[in-house]
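Enquirer: here's a sequence, model it:
(chains A and B)
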There are 2 protein chains.
Amino acid sequence: MPIKYVYFFGAGKAEGNGKQKDLLGGKGAGLAEMSRAGVPVPAGFTLTTDVCRYYYAHGRRVPSELESQMKSALLRLEKVSGKKFGDPKNYLLVSVRSGAKFSMPGMMDTILNLGINDKVVDGIVAKTGNPRFAWDSYRRFIQMFGNVVMGIEKSEFEHLLSAKKKERGITLDTQFTADDLRDLVTRYKALYRHKTGQDFPQDGWKQLVSARDAVFKSWMNDRAISYRRMNRISEELGTAVNVQEMVFGNTGDRSGTGVGFTRNPSNGDKEFFGEYLTNAQGEDVVAGVRTPKPLKELEKEIPACYKQLWQITSKLEKHYRDVQDFEFTIEDEKLFMLQTRTGKRTGLAAVKIAVDMVHEKLITKDEAILRVEPDQLSQLLAPVFDEREKKKAVLVAKGINAGPGAASGAVAFSAERAVALAKEGPALLVRPETNPDDIEGMDAAQGILTAIGGRTSHAAVVARGMGKPCIVGCSALRIDEHAGTMAVDGHNVKEGEHLSIDGFTGEVFVGKIPTLPSEVVRVLRGELNPKDSELFRYFKEFMTWADAVRKLKVRANADVPRDAKAARSLGAEGIGLCRTEHMFFDGERLPLMQKMILAENVVERKRALDELLPFQKEDFVGLFREMRGFPVTIRTLDPPLHEFLPKTQEDAEELSKKISIPTAKIWAKSQDLHEFNPMLGHRGCRLGIVYPEITEMQVQAIIGAACELAKEKIRIVPEIMIPLVGTKAELKNQKDLAIKAANETMKSYGVKVNYLVGTMIEVPRAAITAGAIAEEADFFSFGTNDLTQMGFGYSRDDSGSFIPTYLVEKILKEDPFLTLDQEGIGKLIEIAATEGRKVKKDLKLGICGEHGGDPASVKFFHRTGLNYVSCSPYRIPIARLAAAQAVLEAKNKSEYSQK
Amino acid sequence: MPIKYVYFFGAGKAEGNGKQKDLLGGKGAGLAEMSRAGVPVPAGFTLTTDVCRYYYAHGRRVPSELESQMKSALLRLEKVSGKKFGDPKNYLLVSVRSGAKFSMPGMMDTILNLGINDKVVDGIVAKTGNPRFAWDSYRRFIQMFGNVVMGIEKSEFEHLLSAKKKERGITLDTQFTADDLRDLVTRYKALYRHKTGQDFPQDGWKQLVSARDAVFKSWMNDRAISYRRMNRISEELGTAVNVQEMVFGNTGDRSGTGVGFTRNPSNGDKEFFGEYLTNAQGEDVVAGVRTPKPLKELEKEIPACYKQLWQITSKLEKHYRDVQDFEFTIEDEKLFMLQTRTGKRTGLAAVKIAVDMVHEKLITKDEAILRVEPDQLSQLLAPVFDEREKKKAVLVAKGINAGPGAASGAVAFSAERAVALAKEGPALLVRPETNPDDIEGMDAAQGILTAIGGRTSHAAVVARGMGKPCIVGCSALRIDEHAGTMAVDGHNVKEGEHLSIDGFTGEVFVGKIPTLPSEVVRVLRGELNPKDSELFRYFKEFMTWADAVRKLKVRANADVPRDAKAARSLGAEGIGLCRTEHMFFDGERLPLMQKMILAENVVERKRALDELLPFQKEDFVGLFREMRGFPVTIRTLDPPLHEFLPKTQEDAEELSKKISIPTAKIWAKSQDLHEFNPMLGHRGCRLGIVYPEITEMQVQAIIGAACELAKEKIRIVPEIMIPLVGTKAELKNQKDLAIKAANETMKSYGVKVNYLVGTMIEVPRAAITAGAIAEEADFFSFGTNDLTQMGFGYSRDDSGSFIPTYLVEKILKEDPFLTLDQEGIGKLIEIAATEGRKVKKDLKLGICGEHGGDPASVKFFHRTGLNYVSCSPYRIPIARLAAAQAVLEAKNKSEYSQK
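Expert: Residues are numbered from 1 along each chain as shown, chains lettered A, B, ... in the order given. Now for the predicted structure:
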């Protein structure tokens, strides 16, 4: 049997169904499912993603069986619609659209009105009695086909359009007469012939085949590749192509087109939410060219359609058990559903909708946990403006609040400039409207502001996906991109000057406004009553569910009491990494540290260390107090000593005055300590081995602090962590030293405290020989930053010269510093975990690199059997959720494999 | 049954035997074996190495059972000798000496004449009628005991001795009368009391117990630790202690003491070889204080003893089937053998003796192969002086040629200065005599020159062990260590000035003399007829045996035809690493390379590369021609590009003039390419991926060269090697590119050539994911330098700040850059080999890091199943021998385990 490449849908039936997203794409599966459910969708057929994969695997050719299958489907479509492709008297027009498994809004190509030719256009005139509509449709079709299929620049067509306007002395498209449009069609066709050397194709089948190939080709355009990379969508998926009977929202005032959500995708409120335009085709709404009306107004304008729309979409939400993002067209008061899919939403909305749906008994708690992307939680924790400062700020405009959060930054009027400015500090991308070419600039910017477009415009959809503050449709802006200036409310803002946007309210201010913690964070800090924050209550309920499910503990990387306190409020169950060196950069202490480094012998060095000891002990007392009852892992000194010394001779002179050591000596030491590859140099436990008195002092401080608190009946179990261990002997050396210092300290306090001595596993050799190292270790903590650096041989500071190319060339799927490389670095972690636990069955395993806050990595750590992850305080809720999802995903997988 | 800690020997019997070196040490086992064989050795007993291990494991206490066992042995010794310990009328005196499994000449402590006290000394006077001998013996005993057991500085005793000489107006020790010596004993005892607060012990048993403990303690003195580290002797072995009846070589002119070898340990000649001193104790010979007479003269002086000595030692050589290094003493014309052990020898001697012994049917070829330390072969390849230059040089002295090879260097008069000077260039250590404290300086120096001492002096023995050129007994030298000058033959040589020594002839020259390749190398290069070189014939025969046994192929690291030629002559079976970048540092090419790096776009870059192409191709044509029929592995560009750019603004200015690019641009690029950790930066295949045109050009050159030679019917299979690969995708990217470039090049030449594309495995992640990488690789070559750097996280350039401490603290057993770390880095190699061969059963595996020339590492590579090692040309014979030994060691091990 030949492979089935074409799936028909329409008239209450469908060959496919809603589960076949892999094969039919999201849109195709949705159309099939809607068709089956009796939802009024224009009939049509879907070319499967198999065709796309075949197309790229065979030098951009489609399978030979495809044409006959397409022809059969077209015949069936003619039968169902009662129309005929290419018949001027009873013409059938179709749209050709992409549709991948995951929505990629605006990234690939679409062609509408396909099937019009010089004869059919007359038929449209005859049938509709609306020559203006007929010629406008033909004009649009030629432009779309010319641009998408033949690669003629859009601007070439726009140029002809502007010229015509000038000739006619008009300014708006709507002022064109039918004759004007007919004349434009002639000019468009001439342009087409000039650019392609061919006449515009009159054969409908030829139009269809060319459009189909163009859509497959657009799977690999730059925008699509870039979008997939940012959204981690596999290229292997391919896109389907949907060929569907055209319905027209632009036949007059009783027609229209719109998009909507079954709940508010910005804040999660349970309301029917959307926008529409009368007398318009679909692309007009999402392209953001005209500012559409809220869906509510449709209730007044065409009440029957509104009611039907509400009923259908409510049913769809129940059917799919999730928020639906739908498109519809009304052709002469007849409603057609064009698409429905799971609605994208902000983090705030995701949490609220998930919790509400559990209460509505639509989904289970487990499902709710899986409904929120862990990274989205950062939107609940994102800063807001300081209200007092905001009150003082100069409000210059108000737009549509399309993405929550507050952002302040230097203004960039193009994506390229946003990328450039973002390298120097926070940037804001300000555009008349955004389009898919702006993706990189949007990614680089702190926030996005546009002059036109609604909540479902490109800017709004993409910004919400990225979790960035966004304001759209801010019509007061007068942007002159080329001059690099913007006029607003009497102010003239130049590129690089600061602007602030409040994505919660839609307010735009000139200048910088300091930001404050989010509502959730303010409640956590006790600055706001939970009763006054609905958001916090949702957040708390949701996180309680996640915490009940997860097995992995979540700790924080925190060095000072302030961070420890924040971490506790965000749910940290201990500190997984306290970097002691950060304490030494502090004003009073740095000169002491420098004296220690400049010491000429052990006696001098010990003297300087003795001066540092009380400071260090105070730090730990503070930290332990905050974390009472929880474990605190303290890493002994890690960075190379030259980091503490002056980098220039001038700085050396200044230091000389401060610590009364000759400049020459300071500078000589600084030079002497210079390293070619500091990352692989004299740091980590190598310091403590060459200068045992440093480790000694640190252990005295740690155990001393624990002893002092023990006297106050505060119980704490410090975990002393030795960094950069590569051999068992290194750990043994430092451990023996630590035990000796700890015993002496406890003796001097007359107190006994429990403590552990463990090691970081961050050197590849340590992972490989973890069995031997485990003999000396009370715990392992994986330092995935260094393990990635050394495992790959990538210096984090230098890899900027090749990692971008690697991502573009797909040599790396992800930046391994952001998401753990599970195949290689993960393998090292697995080896170390396995070998370590062979020696000590209950060896405590954790991870304290940046990856501790990356959801995909957290899930890997759960699967690898780690006991905890440690991350920066504001990533803690994300890690907690990811850990819960890891449990549920494993459960779903094992249930699936049992079936 | 209690553990037996004491083994008796003497009177033709022994409780132990020659195989018990682990338990009795080399000396103890030898004495037992000789005793059993009827060789006249002074009777005594050995305290086992178990005692030593117990001593260190139990806080420096001996086992409680030891004393009673020692007392029984002492009683038996009294019985056998017919003497009594502490009995003035029939006194028994003993020596107490260390004796570890492996000889550590002079590193540990020895005490002679033990048992003398105020009463016994009178007994000696009475019995020998030689009061001078009696009081001198007592004096020596107090000094040795005071120094070794109680830690009184030798100089304190020397000071009293000098003072006495002054009083008496004499200059030589021999001028002292018995009364002088008696008075000195009184003064020595006073010094002893002053320093220790105790009287010199009169109880013999107390003397013995203290001496025993002092010897055990000396196992851990700095010299012994340092010697073990350099000679890779495990600390766990411990030392035995031998207590043996004293015999006296210093009772008069019919007495004497000497050392000898059954064959010449310098050149391997089959001759009875040694030195002795009349009227002297053993230490006098090896300490090099007096210059001894050749053994030949003994034949005239005491013919009976000479004949007996010759018979006994010949028998011993046959018995042990190896050259014997023996010590003897003649007490009043009665011969005692004090020790026999396997003789240390130079590389030259080792080869010659091994080959001779096979011809004499004393040993098998397999045994012969195992008799030469691979590293010793470097002595056969070590440079000699250019004879013409040597003729012009100023000969200032002639000494004893104690270590072969030629050396030129800056003079250092102390070990410390030698270490310091060696950091700046080649250094020569010049000393009146050397002692164990000089070990580090000897190691740092290129060669060693002493004023006194013979071929078996400390300097000679240690230098031969180190394979360093050495001249001893050069009495013309007048060294003033404190002034840092030396007078010789009217010349005044200051520290840091240059001297040249010819260890083959014993000649000393002022100034530098250029060196030339060794005799063997000259034959290999065709500069000398093999008929004129006995040494070459021995070398060739020996290497033929090794080659017949080994399985591992040996290739060379060579970049230019000259090196390739040398490598072939030394037995290279191909090139395992050709570093293409070395070609770009050449005069004409560097500016082109710099233009390439400074190119602003691909077009400019390609233009510069096109200019480089013919040069690069010529290089390969030359290399391939030398290696015809053998594989040549070429690594694509590896170092970061900034290495090719000027390091200072002045250099940038100069370059600017040369290549007509503005200085500012050059300097900016140089700054721009600066990296924080270049070792982990933009290098290796990361260059070829970001700048594919570089790889392209290199492949065009490689394949172009192969095509040109193919036209000349010279067959060559280039192996294109991609460096620094960490992921399969990287290799695939470069391989695809290489195949494309290769195809185009072959097409343009109209020739087909075979080639391989493989990868270095030098990034830990590559080793871990070798299974995936193997899918794209024709071969793997392990880059153990980088694998060690990244696996340990040690920058080779920076690790000098902690590796020395690591070696002292025994955190590392070896410097992992010199000898492969088998536990960790070796494990990565094993994983990669296993995973790679799982995917491709016959995957070719090689190694091209520095470790390819290190014997221990080569043996590991054999065991891991690699196909070849690649090393620098002059290490090739070493690798060949190590590879053969690896086969034999595995065979012996499996035979052993079958028994």
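
Enquirer: tell me the buried residues in the helix or strand harbouring A:Arg562?
Expert: Counting by DSSP states H and E, the element that carries A:Arg562 is helix A:561-569. Neighbour-count burial for helix A:561-569 flags A:Pro561, A:Asp563, A:Ala564, A:Lys565, A:Ala566, A:Ala567, A:Arg568, A:Ser569 (criterion: 16 or more other CB atoms under 10 Å in any protein chain shown). Where C-beta positions appear, they are placed from N, C-alpha and C, glycine not excepted.

Enquirer: ok but A:Leu112 is inside a strand, no?
Expert: Yes - the assignment for A:Leu112 (DSSP: H, G, I helix; E, B strand; the rest coil) places it in a strand.

Enquirer: what pLDDT does it get?
Expert: With respect to pLDDT, A:Leu112 has a value of 89.

Enquirer: enumerate every residue touching the residue of the stretch 151-300 of chain A found nearest chain B.
Expert: When distances are taken as CB to the nearest CB, the stretch 151-300 of chain A reaches nearest to chain B at A:Glu235, 13.1 Å away. By CB atoms under 8 Å, 6 or more residues apart in numbering or on different chains, A:Glu235 lies in contact with A:Ile225, A:Arg228, A:Lys810.

Enquirer: contacts only, for the last one.
Expert: Neighbour list for A:Lys810: A:Glu235, B:Ala729 [criterion: CB under 8 Å, 6+ apart].

Enquirer: please enumerate the strands of the stretch 751-899 of chain A.
Expert: For the stretch 751-899 of chain A, the strands defined by DSSP state E, counting those that start in this stretch occupy A:756-761, A:779-782, A:844-847, A:868-871.

Enquirer: and for the third one, what's in contact with it?
Expert: Right, the one you point to is strand A:844-847. The set of residues that contact strand A:844-847 without belonging to it, under CB under 8 Å, 6+ apart, is A:555, A:576, A:633, A:756, A:758, A:778-784, A:829, A:833, A:836-837, A:861, A:865-870.

Enquirer: before we move on, what about the longest one?
Expert: With CB under 8 Å, 6+ apart as the test, strand A:756-761 has contacts from A:633, A:635, A:684, A:717-725, A:731, A:734-735, A:738-739, A:766-767, A:770, A:773, A:776-783, A:786-787, A:829, A:832, A:844, A:848.

Enquirer: return the members of those classed as buried.
Expert: For these, burial is judged from neighbour counts taken by 16+ other CB under 10 Å, and it is met by A:633, A:635, A:684, A:717-725, A:731, A:734-735, A:738, A:766-767, A:770, A:773, A:776-783, A:786-787, A:829, A:832, A:844, A:848.

Enquirer: re earlier: of the buried residues of helix A:561-569, which is the nearest to chain B?
Expert: A:Asp563 (26.7 Å).

Enquirer: quick check: closest non-adjacent residue to that closest one.
Expert: Leaving aside its sequence neighbours, A:Asp563 sits nearest to A:Pro873 (CB to CB, 6 or more residues apart in numbering or on different chains; 5.8 Å).

Enquirer: compute the number of surrounding residues for the one you found.
Expert: When neighbours are counted by other CB atoms under 10 Å in any protein chain shown, A:Pro873 registers 23.

Enquirer: so it sits against A:Ala558, correct?
Expert: Yes - in this structure, A:Pro873 sits in contact with A:Ala558. The criterion is CB atoms under 8 Å, and the distance is 6.3 Å.

Enquirer: quick one: A:Ile501 from chain B, how far?
Expert: As defined by CB to the nearest CB, to the nearest Å, A:Ile501 lies at a distance of 35 Å from chain B.
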